[in-house]
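Q: Fold the following for me, if possible:
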Amino acid sequence: MKSERLMYMPLTKSYAKDLYKLCSNPKVVKYMFCPLKKTIEECNEWIGELLSNWDEPNVFVAKYNNVIIGIGGIPCWDKDKGEYGLYYQISEEYWKMGFGVEIAKALIEYAFVKCHAQKIGTYVITENKSSIKILEKMGMNLSFTRIGEFEKDGNVYDEHNYTITKQEWSFKHK
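A: Just a heads-up that it's a prediction; the model follows:
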């Protein structure tokens, strides 16, 4: 899978060293479910968990100029209903360069075309304004907000749920 500037490869444990840079940065993992990684081995274990948690992991690393700059995935939430999730993280040095939009768009297209998804959803912490902008650029709609649902490092956050259907995506991206 490719996008304008990025190449996507399926996630494997061989990328643990490269992803450690991303997963050991407190700013990058601030709103992620997984804790900060302190060693490459912890990152390797996390990759193993990601790959074993879903029948169809659909997790990719994103390469730019032959350097892994992020990770993203579209896990299947409910195969019978065609519902998939969306998530992505990008190394801090590549923030504000349009890669979030590029990764999100590629993953959404992949989900609708290759996985035959009917609906894609994601949760985003209400304070994560950058990700909210990306989701809105993708045409995703705010469905609901869960108050005090996400807790990390002693902090409690509210979460927005954003969704888009295949029909909405097709209409907005003709």
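
Q: what about the protein, any weak spots by pLDDT?
A: Along the chain, the parts satisfying pLDDT under 70 run over 55, 57, 174.

Q: Count the neighbours of N65 for me.
A: 8 (other C-beta atoms under 10 Å). Yep, even glycine has a C-beta here, placed from its N, CA and C like the rest.

Q: meant to ask about K137, not that
A: Neighbours of K137 using other C-beta under 10 Å come to 13.

Q: and what of G48?
A: 12.

Q: secondary structure element for it?
A: Using DSSP states H and E, G48 sits within helix 40-53.

Q: other SSEs contacting that helix?
A: Where contact means 3 or more C-beta pairs under 8 Å, 6 or more residues apart in numbering; DSSP states H and E, helix 40-53 is packed against helix 16-23.

Q: Could I get the buried residue list for the helix or strand following the helix it packs on?
A: Later in the chain than helix 16-23, the nearest helix or strand by DSSP H and E is helix 26-29. Residues V28, V29 are the ones in helix 26-29 that count as buried (16 or more other C-beta atoms under 10 Å).

Q: Determine how far helix 26-29 lies from the middle of the whole chain.
A: Relative to its chain's centre, helix 26-29 lies at 14 Å (C-alpha atoms, centre = their mean, to the nearest Å).

Q: cool, and stretch 100-118?
A: Computed by C-alpha atoms, centre = their mean, the separation of stretch 100-118 from the middle of its chain amounts to 11 Å.
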